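Asker: Predicted model and sequence follow; I will ask about them next.
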Amino acid sequence: MEPLDKIKISILLMFSLILVYGVAFSYFENLSLLNGIYYAITTITTVGFGDITPKTNAGKIITSIYVLLGVSIGLYTLGNFAEFFVSGYFQKTKKLRKMEKKINLLENHYIICGFGKSGKIITNKFTKENIDFVVVDNNKELLENELENNPKFKYIVGDATHDEILEKAKIKKAKGLISVVSTDSDNVYIVLSARRLNPKLYIIAKGDEKVALDKLRIAGADKVVSPHIIGGLRIAELAIKPGILDFVSTFMSIAKYEYDEDLEIRKIKIGDNSPINNKTLENSNIRNISGAIIIGIKKINDDKLITNPSKDAVLNEGDILYAFGNKSQIDNLEKLINGEN
């Protein structure tokens, strides 16, 4: 049983004993209920003003029993309070000292700045992959709660825009830094500080606004991610092209959006009048004519996807080809398959 539960039980017992004894004492001593409870409280707290004393034998007997029980319950309650505060404090201090020692020994680790929604997902993934990391955030209570649930969790309470906090996180010995704090300006500032403190550090940063993406790269980020752009593009792809490999296509769109790389993956079904029907992949001359690369074939008579198909793979009516290339190449392939060339 947890110390807090013991405290609740002991307090309930104490009040119950006071109430029962107060009623019984007022009855046997012919007092009002208020005076009975008053005497019960002054007795169990050892105040004992002496203005009320038991006169009857019954009153003396129940008072003797009450004192013995009251002392026992009182000691039990105090012991529970001591266990709750003292042991809890030392246990917490012990955990923090152990965590600080682990941080001091860190090398080739990641520093995660910000423990919001993105930070939590990153730390969960790193924990599963047994990757060393330390989190920097201002929310002490949030970090302490996470430490209770995850013994491998390591954190530093502070502002990641300050050099001394990053140095506490052993930035000069770190492998990488991930900045996912709430504002773009703070992410830019953190990237600037991190790059200056460790020029060789691999830095990934989050940017909400498109204008912040360029600033983060200029500040020194190796990679920049925009959750809003990724989410928006994925939703748009699902709406516009529900038949394609939507998840991979989303990242192709991100490559176009952020880096002007015109790439995509599309799936194309071979029709009954297709000129490549019943030809091998090599004889179809797909690569030479369109420039697209076939990365997968889903056979009409088999639900399995053949990845990286060989040049001898036969293309049949109803098969689905998964092609990779730029938009122009994929469009040319589609025209070839449909016999439009």
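Answerer: On my side now, so go ahead. These numbers were taken from a predicted model, which means no experiment stands behind them.
Asker: all contacts plus neighbour counts: C-alpha atoms, from now on.
Answerer: Noted.
Asker: As a check, name the ranges of all strands in the protein.
Answerer: With DSSP state E applied, the chain shows strands at 110-113, 133-137, 155-157, 176-179, 202-206, 223-225, 264-269, 279-280, 293-298, 305-307, 314-315, 320-325, listed in chain order.
Asker: any weak-confidence spans in the chain?
Answerer: 1-4, 83-91, 233-235, 237-238, 240-262, 341 (pLDDT under 70).
Asker: Can you give me the domain boundaries for it?
Answerer: Following automatic domain parsing, one gets these domains for the chain: 3-97, 106-225, 263-341.
Asker: between those, which gets nearest to A236?
Answerer: domain 263-341 (14.5 Å; C-alpha to C-alpha).
Asker: CA atoms only: put stretch 207-221 into CSV for me.
Answerer: Taking Å, rounded to 0.1, in the frame of the first residue of the first chain, the C-alpha atoms of stretch 207-221 are listed here in CSV:
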residue,chain,number,x,y,z
GLY,A,207,9.9,25.0,-38.1
ASP,A,208,6.2,25.9,-38.2
GLU,A,209,6.2,28.8,-40.7
LYS,A,210,7.8,28.4,-44.1
VAL,A,211,9.9,31.6,-43.6
ALA,A,212,11.5,29.9,-40.6
LEU,A,213,12.7,26.9,-42.6
ASP,A,214,15.3,29.0,-44.5
LYS,A,215,16.4,30.8,-41.3
LEU,A,216,16.9,27.5,-39.5
ARG,A,217,19.1,26.3,-42.3
ILE,A,218,21.1,29.5,-42.4
ALA,A,219,21.5,29.3,-38.6
GLY,A,220,23.2,25.9,-39.0
ALA,A,221,20.5,23.2,-39.0
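Asker: I111 - nearest residue in space that isn't next to it in sequence?
Answerer: What sits nearest to I111 in space, not counting adjacent residues and going by C-alpha to C-alpha, 6 or more residues apart in numbering, is L177, at 4.6 Å.
Asker: quick one, what contacts S182?
Answerer: Going by C-alpha atoms under 8 Å, 6 or more residues apart in numbering, S182 touches G114, G116.
Asker: Going forward, count from 222.
Answerer: Taking 222 as the first residue, the last one we looked at is S403.
Asker: that older thread, any chance of the domains of the chain in a markdown table, plus distance to A460?
Answerer: Converted to a markdown table, these look like this (distance: least, C-alpha to C-alpha, whole Å):
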| stretch | distance to A460 |
| --- | --- |
| domain 224-318 | 49 |
| domain 327-446 | 22 |
| domain 484-562 | 15 |
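Asker: most packed of these?
Answerer: domain 327-446 (a mean of 19; mean count of other C-alpha atoms under 10 Å).
Asker: returning to that earlier point: any idea what the residue nearest to I332 is bridged to?
Answerer: For L398, the beta-bridge assignment (DSSP bridges) gives partners I332, I424.
Asker: Break down the stretch 322-471 of the chain into its helices, ranges please.
Answerer: 338-349, 361-370, 384-389, 405-418, 431-440, 448-461, 467-480 (DSSP state H, counting those that start in this stretch).
Asker: Dump these into CSV; add distance to G512 as well.
Answerer: What follows is the helices of the stretch 322-471 of the chain, written out as CSV (distance: least, C-alpha to C-alpha, whole Å):
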stretch, distance to G512
helix 338-349, 38
helix 361-370, 51
helix 384-389, 48
helix 405-418, 40
helix 431-440, 32
helix 448-461, 24
helix 467-480, 17
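Asker: To L326, which of those lies closest?
Answerer: Here helix 384-389 is closest among the helices of the stretch 322-471 of the chain (C-alpha to C-alpha), at 11.3 Å.
Asker: And that closest one, how far out from the chain middle?
Answerer: Put simply, helix 384-389 sits 23 Å off its chain's centre (C-alpha atoms, centre = their mean, to the nearest Å).
Asker: spatially speaking, which residue is in the middle of this protein?
Answerer: K341 (2.1 Å; C-alpha atoms, centre = their mean).
Asker: P372 versus that one, what's the distance?
Answerer: Separation of K341 from P372 (C-alpha to C-alpha, to the nearest Å) stands at 15 Å.
Asker: What of I439?
Answerer: In terms of C-alpha to C-alpha, I439 sits 37 Å off from P372.
Asker: what does A395 give?
Answerer: From A395 across to P372, the span is 21 Å (C-alpha to C-alpha).
Asker: same thing with I486?
Answerer: From I486 to P372 the distance is 42 Å (C-alpha to C-alpha).
Asker: picking that back up, got the contact list for the residue nearest to I332?
Answerer: L398 neighbours (C-alpha under 8 Å, 6+ apart): Y331, I332, I333, C334, A415, L422, Y423, I424, I425.
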